[in-house]
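Visitor: just the structure for this:
(one chain, ligands or ions: 2)
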Amino acid sequence: MSQAILQQLQQLRQQLEDYSYQYYVLDNPSVPDAEYDRLFRQLQQLEAEHPHLVTADSPTQRVGAVPLAKFGQVSHNIPMLSLDNAFGADEFSAFCKRMADMLDSSAEFSFCCEPKLDGLAVSIRYENGLLVQAATRGDGYTGEDITANVKTIRAVPLKLKGASVPAVLEVRGEVFMPLAGFNLMNDKARATGDKVFANPRNAAAGSLRQLDPKITAQRPLMFYAYAVGAVEDPVQLLDSGSHYQRLMQLKDWGLPVCAEIRLVTGAEAALAYYQDIMQRRAALAYEIDGVVIKVADLAQQQALGFVARAPRWAIAFKFPAQEMLTTLLDVEFQVGRTGAITPVARLEPVVVGGVTVSNATLHNQDEIDRLAVKVGDRVIVRRAGDVIPQIVSVVLEQRPDTVRDIVFPMHCPVCGSAVERVSGEAVARCSGGLFCAAQLKESIKHFVSRKAIDIEGLGDKLVEQLVDQQLVKTPADIYSLDMAALVGLERMAEKSALKLLTAIEQSKTTSLPRFIYALGIREVGEATALNLANHFSTLEQLQLATLEQLLAVTDVGTVVAEYVNGFFAEPHNQSVIAALVSAGINWPAIAQQAQTEQPLAGQTLVLTGTLISMGRDDAKAKLQRLGAKVSGSVSAKTHAVIAGDNAGSKLVKATELNVAVWTEQQMLDVFTQYGVI
Ligand SMILES: NC(=O)c1ccc[n+]([C@@H]2O[C@H](COP(=O)([O-])OP(=O)(O)OC[C@H]3O[C@@H](n4cnc5c(N)ncnc54)[C@H](O)[C@@H]3O)[C@@H](O)[C@H]2O)c1
Ligand SMILES: [Zn+2]
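Guide: Ligands and ions are numbered 1, 2, ... in the order given. Predicted structure coming up:
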């Protein structure tokens, strides 16, 4: 029996040691705090049942971890301790009762209530008002010398304000990373493929414990003071009165002190403070994992004293954990209304931040690669504020043998069309825009809109009804709607149905640019649709266009070319297009339009000299858009030479051949007239 307990103790201590090493020394914890706290409590419980088995080196008796040898060492003459935890109102009451019993007093306590900032503790030493040294907490007695790093934090004064500063003052407080800076830093890191920090506490610790202070200087760190260590000459300013007054004194000396700190009377009021801060937790500029409630009266603090690793007069009253351990059961792929395919993690349900979570987003393939996560893995889930739950990391040491890779689908799980991911984009999409049920409402709304096929009276509400009642499964179905189907709809009298049927009939006569735009190809707006129509003249040519041919079109780059190509390569889209054409949609041949829409059609122009108002490529593109052919050499067939500054031989040749010469201004006038400027 006792052997089994010894073994269990040994195992728990070893596990906690390992976790502490990863957390404090490597700044890279492998499990969430809640998991550490759970094991820690198990150990505490076991030790309480068998007090003779408590060892001096048990994690329950010690603080933090030994400092890293690569840093200089700093001893803390007044040790930097940890805090006991309370996980609910009952535990908080027990804390108050324990103190009342010890002091044999029934008077209400005066409490200093403070947010429990999630960063790392540092001690900063000022001599005669000047910052001379800064250290981490380390094991509570010896910390790491991080003076140069702390000096890079702008909030930390290098010199204290005021005349009456003590000869020696050790300020203790938390270095942390405010959320805005943390998110910005991670966004940048994600974009450049650098290390992404799992949470602001790791980011703060990893940024501060750097051998190169230049790296620390680039990190958005902040500091709040919450205690004092050694004080010499005079001590009165800090040693009389309350902890709260101490903090106000530190503030007067120019040290930053958290604005949320309150002095309250009684346990009720401290509980109310806890509730209030918890309500506002998500709106704070920094992450906190609870509040710290401290007996404010310094004489009472003195009388209560310390146990092995924490003062008796303070408690960390924790909030529900925002990170928990769970299992990734499966990954499903959801298709959004614009065709974006998002991997969604199905999780073993777990309470995170007070809410049961069973799904988390995995964003995209890049995120899956970055996490290197597999189905069956033990994962850390994070839910902060109203943000959608995320998987922050995998606990590799708990990976079972049965894990399997997450395979991104090649075909849309909703409609079976090919999945495409164009160059430089993280998001994969279903390419069956005209066919996919997930995208249907959006694609129909776009198809019938005014600048597209333009069916008056077919508004968003009506589209939704038509789709919900399965009267319309692709845009082509609009053209088989009849009176019988329409009058069955909400608020659709015979008269308005008739009007709608007429509008549908009228929409059949359209133009090629409108039709191309109506297809809803990603990144193809009106202007691109017009360019595509002018370039290829017929729908058939456009459907057959290769990537290279598409890239030759004005204003078409790789992304647009890939989307257009992918769209027409999808057979589902082709069959809807065929159905639309056989329903009677038609447009005049583009050549007829060319005469009216392209004022420079049939003209060959030559650009020479330096243009002032725009680059030559730009001018060339605009002339082409108006139908001109832009040539590099002057001949008798040239319609006009456009001469910029310092025009040379081409201008001479034009004069010789009696070819018209335009000034740059004349060209600009043409652009203005036809609206291409
Ligand atoms: N995930 C892991 O693997 C792992 C490993 C080890 C420790 N931990 C976490 O660390 C905790 C233990 O760490 P700890 O000993 O630093 O204790 P703690 O974080 O529970 O409390 C003490 C610390 O709170 C901080 N603090 C913030 N605001 C404060 C304020 N206003 N006043 C006083 N202190 C304030 C200080 O840094 C202080 O050192 C565990 O509860 C666990 O959550 C996690
Ligand atoms: Zn689809």
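Visitor: when you work out contacts or count neighbours from here on, use the C-alpha atoms and nothing else.
Guide: Fine.
Visitor: what residues does residue 540 make contact with?
Guide: By Cα atoms under 8 Å, 6 or more residues apart in numbering, no residues touch residue 540.
Visitor: what strand or helix carries it?
Guide: Using DSSP states H and E, the element containing residue 540 is helix 539-544.
Visitor: helices or strands up against whichever helix or strand comes after that helix?
Guide: Beyond helix 539-544 on the C-terminal side, the first helix or strand identified by DSSP H and E is helix 547-551. Under the contact definition 3 or more Cα pairs under 8 Å, 6 or more residues apart in numbering; DSSP states H and E, helix 547-551 sits against helix 558-569.
Visitor: what lies in contact with the helix it packs on?
Guide: When contacts are defined by Cα under 8 Å, 6+ apart, helix 558-569 is touched by residues 420, 422-423, 431-433, 521-524, 543-547, 550-551, 573-574.
Visitor: list the buried ones in that helix?
Guide: When burial is assessed from 16 or more other Cα atoms under 10 Å, helix 558-569 yields the following buried residues: 559-569.
Visitor: check the offset of the following helix or strand past it from the chain's centre.
Guide: Following the chain from helix 558-569 toward its C-terminal end, the next helix or strand by DSSP H and E is helix 571-582. Between the centre of helix 571-582 and the centre of its host chain there is 39 Å, according to Cα atoms, centre = their mean, to the nearest Å.
Visitor: touching ligand 2 at all, helix 571-582?
Guide: No. If you take Cα under 5 Å from the ion as the test, helix 571-582 misses ligand 2, and the best it gets is 9.7 Å.
Visitor: about what we covered before: out of the contacts of helix 558-569, which are buried?
Guide: Buried residues within the contacts of helix 558-569, counting neighbours by 16+ other Cα under 10 Å: 420, 422, 431-433, 521-522, 524, 545, 547, 550-551, 573-574.
Visitor: which of those come close to ligand 1?
Guide: Of the entries in the buried ones among the contacts of helix 558-569, none also sits close to ligand 1 under the rule Cα under 6 Å from any ligand atom.
Visitor: let's have these in JSON lines, adding pLDDT.
Guide: Formatted as JSON lines, these follow (pLDDT from 0 to 100):
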{"residue": "420", "pLDDT": "96"}
{"residue": "422", "pLDDT": "92"}
{"residue": "431", "pLDDT": "96"}
{"residue": "432", "pLDDT": "96"}
{"residue": "433", "pLDDT": "95"}
{"residue": "521", "pLDDT": "97"}
{"residue": "522", "pLDDT": "95"}
{"residue": "524", "pLDDT": "96"}
{"residue": "545", "pLDDT": "96"}
{"residue": "547", "pLDDT": "95"}
{"residue": "550", "pLDDT": "96"}
{"residue": "551", "pLDDT": "93"}
{"residue": "573", "pLDDT": "97"}
{"residue": "574", "pLDDT": "97"}
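Visitor: closest to ligand 2 out of these?
Guide: Proximity of these to ligand 2, judged by Cα to the ion, is greatest for residue 432, which lies at 5.3 Å.
Visitor: and that closest one, what is it in contact with?
Guide: Contact analysis of residue 432 by Cα under 8 Å, 6+ apart lists 415, 417-418, 567, 570, 572-573.
Visitor: tell me where the stretch 201-350 of the chain has strands.
Guide: 222-232, 262-265, 288-295, 314-318, 323-335, 340-352 (DSSP state E, counting those that start in this stretch).
Visitor: avg pLDDT for the last one?
Guide: Taken as a whole, strand 340-352 carries a mean pLDDT of 97.
Visitor: could you do stretch 612-621 as well?
Guide: The predicted model gives stretch 612-621 an average pLDDT of 87.
Visitor: just the endpoints, please. Distance across that stretch?
Guide: One end of stretch 612-621 sits 16 Å from the other (Cα to Cα, to the nearest Å).
Visitor: in that stretch, which residues are buried?
Guide: By neighbour count with 16+ other Cα under 10 Å, stretch 612-621 contains the buried residues 616, 619-621.
Visitor: quick one: name the residues of the stretch 351-500 of the chain near ligand 2.
Guide: For the stretch 351-500 of the chain, the contact set with ligand 2 under Cα under 5 Å from the ion comprises 412, 414-415, 430, 436.
Visitor: compare these and tell me which is most surrounded.
Guide: Of those, residue 430 is surrounded by the most neighbours, 30 neighbours in total, counting by other Cα atoms under 10 Å.
Visitor: and the host helix or strand of residue 485, what does it pack onto?
Guide: Using DSSP H and E, residue 485 maps to helix 483-487. Helices and strands touching helix 483-487, as assessed by 3+ Cα pairs under 8 Å, 6+ apart, comprise helix 494-507.
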